[in-house]
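Novice: Here's my sequence, what's the structure:
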Amino acid sequence: MLQPHQQSLRLYLIISIIVLLSAGTLFALIAENVVSAGALTITDVNLAQWLHERSTPLLTHFLLVVTHLHDPLVLSSFAALIAIYFMWKQRWYAMWAVVLGVEGGMLLNLLAKQVFHRARPSFDHPLVTLTTYSFPSGHVVASTVFYGVLAALLISQAHSWRRTFCILLIAFCLVVLVAFSRMYLGAHYLSDVLAAFLEGIAWLALCFTVIQNYRLLR
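Specialist: Numbering: from 1, shown residues only. Purely as a prediction, here's the structure:
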């Protein structure tokens, strides 16, 4: 008979698998639409143009700060420091969650960009100029896995549903802010950031599934 903590781990495992399959399926649908130049790509172009036409100096400056703070290299550096801290504290599960979840997720996105080779939005007077590929958004993947792992670690120490909800809400709002900054600045289309969010969620679910499964088998 399973112990109470093992039952909790099994429940988390089941939820992780459901999230993985759901996010992975939605990502595949968006990717297929982008590759086949479906209806979503028309919305992409229209929304990108609409946002570009309504840019203001103050909002541009603010969102440039947001996007620079969430550069994948910046978040990767923070994640490395956090992993070192957990290693020093001998909190091995937390360390591997950070290493696999954050660093692994960013590496996966670099590979995805090379698969899809999607060009970035183009404007006569761009707010930012980038030469790398657009799909999926590296900033959004990085912020999703970074804040996702931090949220999971904080929730593991939370003792109420109210605190858990607040943690998830803050993490989600931060990711949405980063996603909006990338679209507003003309660095990405809507489908880029949606796919990146789903990619990050699917990757985190996979990582937590592996870690929880290992804990169940111990």
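Novice: quick one: buried residues of the helix or strand harbouring Leu204?
Specialist: Using DSSP states H and E, Leu204 sits within helix 190-217. Using 16 or more other Cβ atoms under 10 Å as the test for burial, helix 190-217 gives 190-209, 211-212. Every C-beta, even on glycine, is put in place using the N, C-alpha and C of the backbone.
Novice: Then stretch 88-103?
Specialist: In stretch 88-103, counting by 16+ other Cβ under 10 Å, buried: 94-103.
Novice: center of this structure, which residue is that?
Specialist: Thr144 (2.4 Å; Cα atoms, centre = their mean).
Novice: How about that residue, nearest residue that isn't a chain neighbour?
Specialist: Distance criterion Cβ to Cβ, 6 or more residues apart in numbering; nearest residue to Thr144, sequence neighbours excluded, is Gly200 at 2.9 Å.
Novice: who's in contact with that neighbour?
Specialist: If a contact means Cβ atoms under 8 Å, 6 or more residues apart in numbering, then Gly200 has 105, 140-141, 143-145, 148 as its contacts.
Novice: One more pass at 10 Å, please.
Specialist: Residues near Gly200 by Cβ atoms under 10 Å, 6 or more residues apart in numbering: 23, 27, 101-102, 105-106, 108-109, 136-137, 140-148, 175.
Novice: do the same with Gly148
Specialist: Residues near Gly148 by Cβ under 10 Å, 6+ apart: 97, 101-102, 105, 168, 171-172, 175, 197, 200-201, 203-205, 207-208.
Novice: in the protein, which ranges drop under the pLDDT threshold?
Specialist: Of all residues in the chain, those with pLDDT under 70 make up the ranges 1-9, 213-218.
Novice: Thr129: what secondary structure?
Specialist: Under the three-state scheme (DSSP: H, G, I helix; E, B strand; the rest coil), Thr129 adopts coil.
Novice: same deal with Phe135?
Specialist: coil.
Novice: Can you pull the phi/psi pair for it?
Specialist: The phi/psi pair for Phe135 (degrees, to the nearest 10) reads phi -110, psi 130.
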